[in-house]
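**Student:** task: produce atomic coordinates for the following.
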Amino acid sequence: MSRWRHLTGLGFAVLSLVLLQPQAAWAEPGVPNPPNQLITDTGEGKVSAADIDFAKKVKLAGLWEIPAGEMAQDKSGDTRIQQIGKDIAAQHVVLDQMVTAAAKKLDIELPSKPNSDQQGWLGEMRAAEGKDFDQIYIDRLRAAHGKIFPAIATIRTSTRNDTIRKLAQRANQFVMTHLTLLESSGIVDFAALPTAPPPTTAQAVTTNTGNSTTALSTAGSNQQTSSMSTPLVVGVVVASFGVAFLVTRRMWPSSPRRRRYNR
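**Tutor:** Modelled structure (predicted):
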């Protein structure tokens, strides 16, 4: 009997945690790597001009980030920056092999040297020393990785070619890893980052039903969905706890019946 009372008390504590602090009650799930083996790599599908440009961008990234990482290992006095440079350079060697293989399969001509901007960034690093080098290295690479995201998203969702599609997916995984490594340096000035543009005003979605026309705001529907989610979760939790309580109540031993004495 005492054990069931303790379990009931624990259940009420969990319920209170869900109601008062739902973000603490639900553990954040792990973020898995996308299953690359599910994407074919046969070279099938039309290759667009955007696909070719994307492959060249991936190649260009390796052409300057590999020597930049090597400089980080030689010029930085910070062991963390040295390790970041080593990891990013090594991973770009792998990514470079991927894009080279894709280009060979699709007959794409890749650049052989960094572009003018990238050469300028490498020049800044060669001229810098100590903490100045560390800051330039982290800032330039993080900015470059931040700019490649839109290109990856566009190609990943629009390309007709499976080889380019897989390259975009793999490139995205590398970029996410590199951003995390760069930010682990502890010297990224987040307050100085460029501000994202404000979201555009929600446009009304018009649906025609017979002769009548109904305008539905996409923003409004999203807000309704969001506002309904929390009560729904709470309701499910309360209902589940109620069922569990009834089931466990039946398992409690019944109190002894009073004996009746006939006088």
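**Student:** got any ranges where the stretch 101-250 of the chain has weak pLDDT?
**Tutor:** Within the stretch 101-250 of the chain, the segments meeting pLDDT under 70 span 201-250.
**Student:** one more time with 90, if that's ok
**Tutor:** 149-150, 192-197, 200-250 (pLDDT under 90).
**Student:** ok, which stretches of the stretch 51-200 of the chain are helices?
**Tutor:** 79-106, 116-127, 130-158, 162-183 (DSSP state H, counting those that start in this stretch).
**Student:** helix 130-158 and the second one, what's the angle between them?
**Tutor:** Read that as helix 116-127. With axes from the mean of the first three to the mean of the last three C-alpha atoms, to 10 degrees defining the directions, helix 116-127 sits at 160 degrees from helix 130-158.
**Student:** other SSEs contacting helix 116-127?
**Tutor:** Under the contact criterion of 3 or more C-beta pairs under 8 Å, 6 or more residues apart in numbering; DSSP states H and E, helix 116-127 touches helix 49-75, helix 130-158. Every C-beta, even on glycine, is put in place using the N, C-alpha and C of the backbone.
**Student:** and if you look at the last one?
**Tutor:** When contacts are defined as 3+ C-beta pairs under 8 Å, 6+ apart, helix 162-183 sits against helix 49-75, helix 79-106, helix 130-158.
**Student:** single out the most deeply packed of these.
**Tutor:** Each of the helices and strands packed on helix 162-183 was given a mean neighbour count from mean count of other C-beta atoms under 10 Å, and the largest, a mean of 19, is that of helix 49-75.
**Student:** that helix versus helix 79-106: what angle between them?
**Tutor:** Calculated by the same axes, to 10 degrees, helix 49-75 forms an angle of 150 degrees with helix 79-106.
**Student:** what is helix 49-75 packed up against?
**Tutor:** Helices and strands touching helix 49-75, as assessed by 3+ C-beta pairs under 8 Å, 6+ apart, comprise helix 79-106, helix 116-127, helix 130-158, helix 162-183.
**Student:** okay, angle between that helix and helix 162-183 too, please.
**Tutor:** Orientation note: helix 49-75 sits at an angle of 30 degrees relative to helix 162-183 (the same axes, to 10 degrees).
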